[in-house]
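Visitor: No sequence on hand, only this structure:
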């Protein structure tokens, strides 16, 4: 989680998940960790980046919309999202975005 | 910076900037704050979300590629980026992405 994702050349997809926590974080950390682990094993998964201060931002990268759709409908993921919406998040937004270009120095290292 | 951006209905663009700091952060905080202020006044700017733990993620939202290009070439922004690359960041990646869909409960609040 402390690395910049090593994604392939565009195009590929980004799922930008932005959230504000509620006061009830019981069970959150273990589930969040489990979801990262589970996502990493899905077909089409390319990487993830995550940070939080007050606002949390998790960006996961995927080969195509089909991969995102499959992960979205994964049973354990659906259950985690249900708990997230009901307990852990007081506000959130998910954005599905097609990465058209990227640049930086990540592929040099 | 502690709010989820209130963006309009898609399509719009996201610039996902991910970075790892170097040990030299002299002048960084003031410049980062100034850039957020300056970006917010640019044509086509829709909002920004930012978080950092070890990894920093800043996602800014824009109406179109033209707005992003204009902001990218802004003189003061270019100078800030030059300093960022030379001093404040040991690694970074910028991704330009077209937001095709978004959902969540942000527009209810």
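Guide: It's in. Keep in mind that what you see is a predicted model, and the values were worked out from it rather than measured.
Visitor: can you give me the helices for chain A?
Guide: Counting by DSSP state H, chain A has helices at residues A:28-40, A:65-72, A:75-83.
Visitor: Buried residues in stretch A:43-61, which are they?
Guide: Going by neighbour count (16 or more other CB atoms under 10 Å in any protein chain shown), the buried part of stretch A:43-61 is A:44-52, A:55-61. C-beta here means a position set from N, CA and C on the backbone, and glycine is covered the same way.
Visitor: near chain B, from those?
Guide: A:49, A:50, A:51, A:52, A:55, A:56, A:57, A:59 (CB under 8 Å from any CB of the partner chain).
Visitor: Does the first one touch residue A:4 like I think?
Guide: Yes - Residue A:49 is within contact range of residue A:4, at 6.5 Å (criterion: CB atoms under 8 Å).
Visitor: joint contacts of these two?
Guide: Residues touching both residue A:49 and residue A:4 (CB atoms under 8 Å, 6 or more residues apart in numbering or on different chains) are B:18, B:55.
Visitor: I'd like the average pLDDT over stretch A:35-43.
Guide: The average pLDDT within stretch A:35-43 is 97.
Visitor: Can you mark which positions in it are buried?
Guide: For stretch A:35-43, a neighbour-count test (16+ other CB under 10 Å) marks A:35, A:39 as buried.
Visitor: Tell me if that stretch is near chain B.
Guide: No - applying CB under 8 Å from any CB, one finds stretch A:35-43 separated from chain B by no less than 13.3 Å.
Visitor: Residue A:65 is in contact with residue A:11, correct?
Guide: No - applying CB under 8 Å, one finds residue A:11 not in contact with residue A:65, separated by 11.0 Å.
Visitor: who touches both of the two?
Guide: By CB under 8 Å, 6+ apart, no residue touches both residue A:11 and residue A:65.
Visitor: Contact residues of chain A facing chain B?
Guide: So chain A meets chain B at A:1-5, A:7, A:10, A:14, A:16, A:18-20, A:49-57, A:59, A:85, A:91-106, A:109 (CB under 8 Å from any CB).
Visitor: Select the longest strand from chain A.
Guide: strand A:89-104 (DSSP state E).
Visitor: Please name the strands paired to that strand in the sheet, noting orientation.
Guide: strand A:12-21 (antiparallel), strand B:89-104 (antiparallel) (DSSP bridges).
Visitor: about what we covered before: quick check: which of the helices of chain A has the most neighbours on average?
Guide: Burial of the helices of chain A is given as mean neighbour count (mean count of other CB atoms under 10 Å in any protein chain shown); helix A:65-72 ranks first at a mean of 16.
Visitor: helices or strands next to it in the packing?
Guide: strand A:12-21 (3 or more CB pairs under 8 Å, 6 or more residues apart in numbering or on different chains; DSSP states H and E).
Visitor: mean confidence score for the strand it packs on?
Guide: Mean pLDDT, computed over strand A:12-21, is 97.
Visitor: and the angle from that strand to helix A:75-83?
Guide: With axes from the mean of the first three to the mean of the last three CA atoms, to 10 degrees as the basis, strand A:12-21 and helix A:75-83 are set at 40 degrees to each other.
Visitor: Measure how strand A:12-21 sits relative to helix A:28-40, angle-wise.
Guide: Interaxial angle, strand A:12-21 versus helix A:28-40 (the same axes, to 10 degrees): 170 degrees.
Visitor: list the buried ones in strand A:12-21?
Guide: Buried residues in strand A:12-21 (16+ other CB under 10 Å): A:12, A:13, A:14, A:15, A:16, A:17, A:18, A:19, A:20, A:21.
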